[in-house]
Every structure is written in structure tokens, then in C-alpha cells.
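Q: here are the coordinates; sequence isn't available:
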């Protein structure tokens, strides 16, 4: 019985270790994705700021070139926004995939641990149930006589 308690304690510790690893991995992954998002966002913001500045300079230079320059810059901004949208979608998909993979791994680990506990339970208490059945049968046989 003490051996079973030790194994159950060990199994519980394995479960908590697996959960802690999942949480650490997930946190690290989320931090990496967030850092990448922030870096890309800063780069795109700097690009957009440069485009806005060049647009304002063009307006000051010439009324004639103003319309053409604004159109060009708006196209570039639309392109950057489109690229940013695609990039953000990719990051979200990566985060979802990483979360799904980590969750599946944790659930598989938990299922394995639960199967081991169940198997151990059956092995430990199967013989006990057989003995109890024998005792009941002996008792019933003695009453019949």
C-alpha cells in the first residue's frame, strides 16, 4: 500500500511537472510571438511615419505634384497595412497552433499518466477483489451445507 502511495505521489508530481512545463513553454512561446509582433509593428509604424512625412513635404513643395505623391503614398500605406494584416494573421495562427500543440501534448501526457494509474489500480486491487470473492463463496458454501 505504501508502494502504491509512493507511485501515486510520483505520478502526481509528474502531472504537475508536465503542467509546469506546458505553462513555461506556452509563456515563452507567447513572449516570443509578442516580441516579434512589437518589433514588426514598430518597423511598420516607422515606415508609415516616413511616408506621412514625405507626403507633407511634397504638399509644401508643389501643388501640382501633391496629388500624385499622395496617391503613391496611400498605395504604399495600403500595401503596408495589407502586409501587416497578413503578418498578424500569421502570428495569430502560429500562436493558435503552438497552443493547440502544447495542449495536445499535455493532454496526451495526462492520458498516459491516468492510464498508468488505472493499470496500477487494477493490478493492486484485482487480487484483493479475487480474495474477497473467494471469502464470499466460502461463506455461501458453508451456509448451504
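A: Now that the structure is in, tell me what you want to look at. None of the values given here were measured: they were computed from a predicted structure. Residues are numbered from 1 along each chain as shown.
Q: Spit out the contact partners of the spatially most central residue of the chain.
A: The centre of the chain sits closest to residue 99, judged by CA atoms, centre = their mean, with a distance of 1.8 Å. Residues in contact with residue 99 (CB atoms under 8 Å, 6 or more residues apart in numbering) are 26, 29. Every residue, glycine included, has its C-beta placed from N, CA and C.
Q: For it, give me the pLDDT.
A: pLDDT recorded at residue 99 is 91.
Q: do residue 79 as well
A: Residue-level confidence at residue 79 comes out at 95, pLDDT.
Q: just residue 106 next, same as before
A: 91.
Q: Next: residue 120.
A: According to the model's per-residue confidence, residue 120 sits at a pLDDT of 85.
Q: What's the separation between it and residue 6?
A: 11 Å (CB to CB, to the nearest Å).
Q: So between those two, which is more surrounded?
A: Neighbour comparison, residue 120 and residue 6: the larger count goes to residue 120, with 15 against 10 (by other CB atoms under 10 Å).
Q: what's the more buried one in contact with, if anything?
A: Contacts for residue 120 were tallied using CB under 8 Å, 6+ apart; they are 4, 7, 8.
Q: Tell me the one of the residues you listed nearest residue 86?
A: Checking the contacts of residue 120 against residue 86 with CB to CB, the nearest one is residue 8 at 49.8 Å.
Q: Return the distance of the helix or strand hosting residue 88 from the chain's centre.
A: Secondary structure assignment for residue 88, by DSSP states H and E: helix 63-144. Computed by CA atoms, centre = their mean, to the nearest Å, the separation of helix 63-144 from the middle of its chain amounts to 7 Å.
Q: quick check: mean pLDDT across the helix or strand harbouring residue 27?
A: Using DSSP H and E, residue 27 sits in helix 2-61. Confidence over helix 2-61, taken as the mean pLDDT, stands at 86.
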